[in-house]
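Engineer: Fold the following, please.
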Amino acid sequence: MNYRTLPNTDLRVSEIAFGAWGIVGDAHWGPQDEKDAIAALQTAYEMGINFFDTAEAYGDGASEHLIDRALADVRDKIIIATKLKPEDFAYQDVKKACEQRLKALQTEQIDLLQLHWPNHNVPLQETIRALEDLLKEGKIRAFGVSNFGVGDLHESLLVSGAIATNQLPYSLLWRAIEYEILPLCHQKNVAILCYSPLMQGLLTGKFATPDEVPDGRARSRHFSKNRPKSRHQEEGAESVTFDTLNAIQKIAQRLDIPMGQLSVAWLLGQPNIGSVIVGGRNAAQVRDNAMAAHVKLSSETMSELNKVTAQLKAQLGPNPDLWQSESRYR
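Structural biologist: Model (predicted):
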């Protein structure tokens with residue numbers, strides 16, 4: 001495993017992080033065996049992953065509890081990132097929510113505390129002042145944001161230069177942040193934490209047609225607005241999406257690299273990436289995902305992957321909101 005230091009911090013994190021949403025088991029992901037979840041977390045650590053990303057919203061704290069149960073004995077060797085809900089962004093609510101997250105994780109300090117989504121009803125100055133005070137108090141080691149567009153990120157940076165990260169959806173199938181957000185992060189030295197790097201299984205080759213994708217995973221703007229759980233008003237890009245997947249699969253087969261590992265390796269080759277957050281619901285999935293850290297792609301392969309995904313990038317456009325036509329990013 002390789003490691004990278006996040007900007008404005010002393011946090012040296014594994015290039016591949018463990019995404020701890022799927023292990024809670026819910027309507028989105030389906031049932032989850034708790035023993036498999038514990039094994040997945042412990043296997044991640046054994047594979048050299050020291051960075052674990054969670055949130056209160058993941059099972060109403062269940063994900064945080066699982067991390068504590070699985071990894072309490074190595075707490076001083078791992079880095080935990082969790083997130084605050086937007087409704088907790090007022091000054092006192094930030095302080096209170098942080099105490100709740102500390103309790104859920106059974107820890108004395110949160111390594112990276114993130115704002116899960118923007119809340120445009122609370123001044124950013126107030127929220128970030130609370131985060132800075134938590135930093136001074138030693139309750140957290142660093143703070144970052146998540147799902148912040150160029151406007152919100154720029155405003156945040158005017159308030160504080162200590163913002164370490166911006167967690168964003170980014171993958172071969174979802175390159176919208178490349179239009180504006182990634183360049184700003186690169187310019188301001190804010191590390192990107194990539195979520196949905198495998199587009200919920202699409203980039204593993206798990207699904208051959210759009211109809212095979214469960215409704216819970218077909219909510220993104222890649223799919224038709226007629227899917228039952230869709231929240232957008234677009235026709236989608238199902239044909240182009242699966243043509244693109246076929247092209248990526250052919251490259252993976254030619255190089256004899258699993259498609260998922262190829263997809264993660266491509267992300268690790270992009271500028272300003274702090275870590276790629278990959279889920280894993282059992283030990284075997286985690287082992288496969290962790291191996292992506294050993295895949296090194298040539299500049300020719302990187303260019304080829306850029307080329308075969310360019311049409312989809314253009315069709316989906318610069319709106320970085322994966323699920324809504326009326327973007328929540330600003």
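Engineer: Contact partners for residue 171?
Structural biologist: Counting by CB atoms under 8 Å, 6 or more residues apart in numbering, residue 171 touches 194, 196, 197, 198, 199, 203, 263, 267. For glycine as for every other residue, the C-beta is placed from the backbone atoms N, C-alpha and C.
Engineer: Run through the bridge partners of it.
Structural biologist: Judged by DSSP bridges, the bridge partners of residue 171 are residue 174.
Engineer: That one and residue 77: what is the separation?
Structural biologist: Distance, residue 171 to residue 77, using CB to CB, to the nearest Å: 29 Å.
Engineer: May I see the buried residues of stretch 135-145?
Structural biologist: Of the residues in stretch 135-145, those buried by neighbour count under the rule 16 or more other CB atoms under 10 Å are 135, 139, 140, 141, 142, 143, 144, 145.
Engineer: Can I get these in a markdown table including distance to residue 67 and secondary structure?
Structural biologist: A markdown table is the format used below for the buried residues of stretch 135-145 (distance: CB to CB, whole Å; DSSP: H, G, I helix; E, B strand; the rest coil):
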| residue | distance to residue 67 | secondary structure |
| --- | --- | --- |
| 135 | 22 | helix |
| 139 | 18 | coil |
| 140 | 16 | strand |
| 141 | 16 | coil |
| 142 | 18 | coil |
| 143 | 19 | strand |
| 144 | 18 | strand |
| 145 | 21 | strand |
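Engineer: Between which two of the residues you listed is the distance greatest?
Structural biologist: 139 and 145 (17.7 Å; CB to CB).
Engineer: Spit out the contact partners of residue 233.
Structural biologist: Residue 233 neighbours (CB under 8 Å, 6+ apart): 225, 325.
Engineer: A strand includes residue 52, no?
Structural biologist: Yes - under DSSP: H, G, I helix; E, B strand; the rest coil, residue 52 falls within a strand.
Engineer: where does the most centrally placed residue in the chain fall, phi/psi-wise?
Structural biologist: The centre of the chain sits closest to residue 195, judged by CA atoms, centre = their mean, with a distance of 2.1 Å. Main-chain dihedrals, residue 195, degrees, to the nearest 10: phi -110, psi 160.
Engineer: got it, and residue 311?
Structural biologist: Per-residue torsions, residue 311: phi -60, psi -40 (degrees, to the nearest 10).
Engineer: who's in contact with it?
Structural biologist: Contacts of residue 311 were listed using CB under 8 Å, 6+ apart, and they are 240, 244.
Engineer: Return the distance of it relative to residue 13.
Structural biologist: Look at residue 311 and residue 13: by CB to CB, they are 33 Å apart.
Engineer: Spell out which residues sit in contact with residue 98, please.
Structural biologist: Each residue near residue 98 by CB under 8 Å, 6+ apart is listed here: 84, 110, 113, 134, 139, 140.
Engineer: what kind of secondary structure is the fourth one in?
Structural biologist: In other words, residue 134. Under the three-state scheme (three-state DSSP), residue 134 adopts helix.
Engineer: Contacts only, for it.
Structural biologist: Shown in contact with residue 134 (CB under 8 Å, 6+ apart): 94, 95, 98, 113, 140, 143.
Engineer: what about residue 146, neighbour count?
Structural biologist: Residue 146 has 21 neighbours, counted by other CB atoms under 10 Å.
Engineer: wait, isn't it in contact with residue 112?
Structural biologist: No - using CB atoms under 8 Å, residue 146 is not in contact with residue 112, being 10.5 Å away.
Engineer: Where does the closest residue in space to residue 195 that isn't next to it in sequence sit: helix, strand or coil?
Structural biologist: Closest residue to residue 195 in three dimensions, ignoring its sequence neighbours and counting by CB to CB, 6 or more residues apart in numbering: residue 277, at 4.8 Å. Counting by three-state DSSP, the backbone at residue 277 sits in strand.
Engineer: quick one: contacts for residue 53?
Structural biologist: Contacts here follow CB under 8 Å, 6+ apart; on that basis residue 53 touches 17, 18, 19, 20, 81, 82, 167, 193, 195, 277.
Engineer: Are we agreed that the second one is in a strand?
Structural biologist: Yes - under three-state DSSP, residue 18 sits within a strand.
Engineer: Please give the element, helix or strand, for residue 266.
Structural biologist: Using DSSP states H and E, residue 266 falls within helix 259-268.
Engineer: so what secondary structure elements neighbour that helix?
Structural biologist: Here helix 259-268 touches helix 238-255, strand 273-279, helix 283-290, helix 299-316, going by 3 or more CB pairs under 8 Å, 6 or more residues apart in numbering; DSSP states H and E.
Engineer: Many thanks, I have nothing further to ask.
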